[in-house]
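J.: below are the sequence and a predicted model for it; my questions follow.
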Amino acid sequence: MSRTVPSWLDDPVCVVVGHGDGVEAAAHELAAAGATIARGPITSDPAAALGAIEAAEKAARDPVTIVLHASGGQDVAATAYGKAFTVYLENRELNGAFLLLEPAGTDVRQALVELSGPRLRANAIATNYAYGGPLKKLRALGALAAYLASDYAAYVYGACLGVDRSDCQQGHP
(Lines give C-alpha, C1' and ligand atoms only; values in the text may rest on other atoms or scores of the structure.)
Protein backbone atom coordinates (compact mmCIF):
# COMPACT_ATOMS: atom_id res chain seq x y z
CA MET A 1 0.00 0.00 0.00
CA SER A 2 1.34 3.42 -0.98
CA ARG A 3 1.61 6.16 1.64
CA THR A 4 1.69 8.99 -0.90
CA VAL A 5 -0.24 10.16 -3.93
CA PRO A 6 1.96 9.12 -6.89
CA SER A 7 1.33 12.34 -8.82
CA TRP A 8 2.04 14.74 -5.95
CA LEU A 9 5.26 15.95 -7.46
CA ASP A 10 4.76 15.12 -11.16
CA ASP A 11 8.38 13.99 -11.74
CA PRO A 12 10.51 16.96 -10.64
CA VAL A 13 14.20 16.76 -9.85
CA CYS A 14 15.28 17.45 -6.27
CA VAL A 15 18.84 18.22 -5.17
CA VAL A 16 19.41 16.96 -1.62
CA VAL A 17 22.18 18.58 0.42
CA GLY A 18 23.24 17.40 3.86
CA HIS A 19 23.03 14.18 5.83
CA GLY A 20 21.23 12.56 8.70
CA ASP A 21 18.19 10.35 9.18
CA GLY A 22 15.79 13.26 8.75
CA VAL A 23 17.06 14.30 5.33
CA GLU A 24 17.20 10.66 4.23
CA ALA A 25 13.56 10.19 5.28
CA ALA A 26 12.57 13.36 3.44
CA ALA A 27 14.46 12.28 0.30
CA HIS A 28 12.79 8.85 0.46
CA GLU A 29 9.30 10.37 0.68
CA LEU A 30 10.05 12.89 -2.08
CA ALA A 31 11.11 9.97 -4.30
CA ALA A 32 7.98 8.02 -3.35
CA ALA A 33 5.91 11.07 -4.33
CA GLY A 34 7.51 11.15 -7.78
CA ALA A 35 10.73 13.16 -7.50
CA THR A 36 14.07 12.18 -8.97
CA ILE A 37 16.69 12.59 -6.26
CA ALA A 38 20.21 13.93 -6.85
CA ARG A 39 22.83 14.65 -4.20
CA GLY A 40 24.68 17.93 -3.91
CA PRO A 41 27.80 18.70 -1.87
CA ILE A 42 27.77 20.97 1.17
CA THR A 43 29.49 24.09 -0.10
CA SER A 44 29.64 27.80 0.65
CA ASP A 45 30.43 28.60 -3.00
CA PRO A 46 27.38 29.59 -5.08
CA ALA A 47 29.22 28.61 -8.30
CA ALA A 48 29.80 25.07 -6.95
CA ALA A 49 26.15 24.88 -5.84
CA LEU A 50 25.01 25.99 -9.30
CA GLY A 51 27.29 23.35 -10.82
CA ALA A 52 25.66 20.68 -8.66
CA ILE A 53 22.17 21.84 -9.67
CA GLU A 54 23.10 21.87 -13.37
CA ALA A 55 24.74 18.43 -13.08
CA ALA A 56 21.52 17.08 -11.53
CA GLU A 57 19.52 18.55 -14.41
CA LYS A 58 21.85 17.00 -16.97
CA ALA A 59 21.79 13.56 -15.32
CA ALA A 60 18.00 13.53 -14.92
CA ARG A 61 17.30 15.22 -18.26
CA ASP A 62 14.74 17.37 -16.45
CA PRO A 63 15.02 20.71 -14.67
CA VAL A 64 15.61 20.93 -10.94
CA THR A 65 12.62 22.46 -9.16
CA ILE A 66 13.30 21.43 -5.54
CA VAL A 67 16.28 21.83 -3.24
CA LEU A 68 16.16 20.06 0.14
CA HIS A 69 18.86 21.39 2.44
CA ALA A 70 19.71 19.95 5.84
CA SER A 71 22.29 22.44 6.96
CA GLY A 72 23.09 21.18 10.41
CA GLY A 73 24.27 24.72 11.20
CA GLN A 74 25.90 25.27 7.79
CA ASP A 75 23.89 28.40 6.97
CA VAL A 76 26.51 29.56 4.46
CA ALA A 77 25.78 26.43 2.43
CA ALA A 78 22.03 27.18 2.46
CA THR A 79 22.81 30.73 1.33
CA ALA A 80 25.05 29.45 -1.50
CA TYR A 81 22.39 27.03 -2.72
CA GLY A 82 19.70 29.70 -2.37
CA LYS A 83 21.66 32.14 -4.56
CA ALA A 84 22.53 29.45 -7.09
CA PHE A 85 18.99 28.07 -7.25
CA THR A 86 17.54 31.57 -7.74
CA VAL A 87 19.86 32.17 -10.72
CA TYR A 88 19.12 28.72 -12.11
CA LEU A 89 15.33 29.23 -11.90
CA GLU A 90 15.50 32.73 -13.41
CA ASN A 91 17.62 31.53 -16.34
CA ARG A 92 15.08 28.81 -17.10
CA GLU A 93 11.98 30.85 -16.25
CA LEU A 94 10.88 28.24 -13.72
CA ASN A 95 9.50 28.34 -10.21
CA GLY A 96 10.91 26.18 -7.43
CA ALA A 97 10.74 25.16 -3.80
CA PHE A 98 13.58 25.34 -1.26
CA LEU A 99 13.13 23.26 1.90
CA LEU A 100 15.29 23.74 4.96
CA LEU A 101 15.47 20.87 7.44
CA GLU A 102 16.74 22.08 10.80
CA PRO A 103 17.01 20.85 14.38
CA ALA A 104 14.23 22.10 16.67
CA GLY A 105 14.90 25.53 18.12
CA THR A 106 16.90 26.79 15.15
CA ASP A 107 15.83 30.31 14.19
CA VAL A 108 15.15 30.09 10.45
CA ARG A 109 13.18 33.31 9.99
CA GLN A 110 16.04 35.30 8.46
CA ALA A 111 17.10 32.41 6.22
CA LEU A 112 13.55 32.06 4.88
CA VAL A 113 13.43 35.79 4.08
CA GLU A 114 16.80 35.63 2.30
CA LEU A 115 15.93 32.48 0.33
CA SER A 116 12.45 33.47 -0.82
CA GLY A 117 11.93 35.35 -4.04
CA PRO A 118 9.63 35.77 -7.02
CA ARG A 119 10.49 32.34 -8.44
CA LEU A 120 11.51 30.59 -5.23
CA ARG A 121 9.32 29.74 -2.26
CA ALA A 122 11.23 28.72 0.82
CA ASN A 123 9.84 26.82 3.80
CA ALA A 124 11.41 25.07 6.75
CA ILE A 125 10.85 21.97 8.81
CA ALA A 126 12.33 22.27 12.29
CA THR A 127 12.15 19.09 14.29
CA ASN A 128 13.66 16.99 17.04
CA TYR A 129 13.94 14.22 14.42
CA ALA A 130 16.44 15.94 12.09
CA TYR A 131 19.15 13.45 13.06
CA GLY A 132 17.06 10.42 13.92
CA GLY A 133 14.07 9.11 15.72
CA PRO A 134 11.30 6.54 15.48
CA LEU A 135 10.42 5.42 11.96
CA LYS A 136 6.87 6.75 12.39
CA LYS A 137 8.20 10.26 13.13
CA LEU A 138 10.73 10.14 10.27
CA ARG A 139 7.95 9.14 7.86
CA ALA A 140 5.85 12.06 9.08
CA LEU A 141 8.81 14.37 8.53
CA GLY A 142 9.26 13.00 5.01
CA ALA A 143 5.56 13.32 4.20
CA LEU A 144 5.64 16.95 5.35
CA ALA A 145 8.62 17.61 3.07
CA ALA A 146 6.81 16.03 0.11
CA TYR A 147 3.73 18.15 0.82
CA LEU A 148 5.73 21.39 1.08
CA ALA A 149 7.48 20.64 -2.22
CA SER A 150 4.22 19.84 -4.00
CA ASP A 151 1.80 22.07 -5.89
CA TYR A 152 -0.66 21.45 -3.04
CA ALA A 153 1.52 23.83 -1.00
CA ALA A 154 2.15 26.29 -3.85
CA TYR A 155 0.93 29.16 -1.67
CA VAL A 156 2.72 28.10 1.50
CA TYR A 157 5.56 30.58 1.63
CA GLY A 158 8.01 31.33 4.44
CA ALA A 159 6.47 28.76 6.80
CA CYS A 160 8.34 26.89 9.49
CA LEU A 161 6.57 23.71 10.51
CA GLY A 162 7.43 20.94 12.93
CA VAL A 163 6.59 17.30 13.52
CA ASP A 164 4.38 16.65 16.61
CA ARG A 165 4.39 20.29 17.67
CA SER A 166 5.56 23.68 16.52
CA ASP A 167 9.30 23.22 16.79
CA CYS A 168 9.87 26.64 15.21
CA GLN A 169 8.95 28.82 18.17
CA GLN A 170 12.33 29.59 19.63
CA GLY A 171 12.25 30.12 23.37
CA HIS A 172 8.84 28.50 23.85
CA PRO A 173 8.36 25.14 25.58
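T.: Perfect, I can see it now.

J.: if you rank every helix and strand of the chain by mean pLDDT, what lands last?
T.: helix 109-115 (a mean of 87; mean pLDDT, DSSP states H and E).

J.: immediately after that one, which helix or strand?
T.: Sequence order places strand 120-127 as the next helix or strand after helix 109-115, per DSSP states H and E.

J.: in its sheet, what does that following strand sit against?
T.: Using DSSP bridges, strand 120-127 pairs in its sheet with strand 96-103 (parallel), strand 160-161 (parallel).

J.: any chance you could map the strands in this protein?
T.: 13-17, 36-40, 64-69, 96-103, 120-127, 160-161 (DSSP state E).

J.: for Leu94, give me phi and psi.
T.: Main-chain torsions, Leu94, degrees, to the nearest 10: phi -120, psi 160.

J.: count of neighbours near it?
T.: If you count neighbours by other C-beta atoms under 10 Å, Leu94 ends up with 14. In short, each C-beta sits where N, CA and C put it, glycine included.

J.: identify the residue spatially nearest to it, adjacent ones excluded.
T.: Pro63 (5.7 Å; C-beta to C-beta, 6 or more residues apart in numbering).

J.: so the one you found touches Glu57, yeah?
T.: Yes - checked against C-beta atoms under 8 Å, the pair Pro63 and Glu57 is within contact range at 5.5 Å.

J.: below-threshold pLDDT in the chain: ranges please.
T.: 1-8, 72-74, 164-173 (pLDDT under 70).

J.: among the strands of the chain, which is the most enclosed?
T.: Among those, strand 64-69 has the highest mean neighbour count (mean count of other C-beta atoms under 10 Å), at a mean of 27.

J.: distance between that one and the chain's centre?
T.: 5 Å (C-alpha atoms, centre = their mean, to the nearest Å).

J.: do the same with stretch 95-110
T.: 8 Å.

J.: end to end on it, go ahead and measure it.
T.: 21 Å (C-alpha to C-alpha, to the nearest Å).

J.: what's the answer for stretch 142-158, then?
T.: End-to-end distance of stretch 142-158 (C-alpha to C-alpha): 18 Å.

J.: same question, stretch 90-109
T.: Note: stretch 90-109 ends 24 Å apart using C-alpha to C-alpha.
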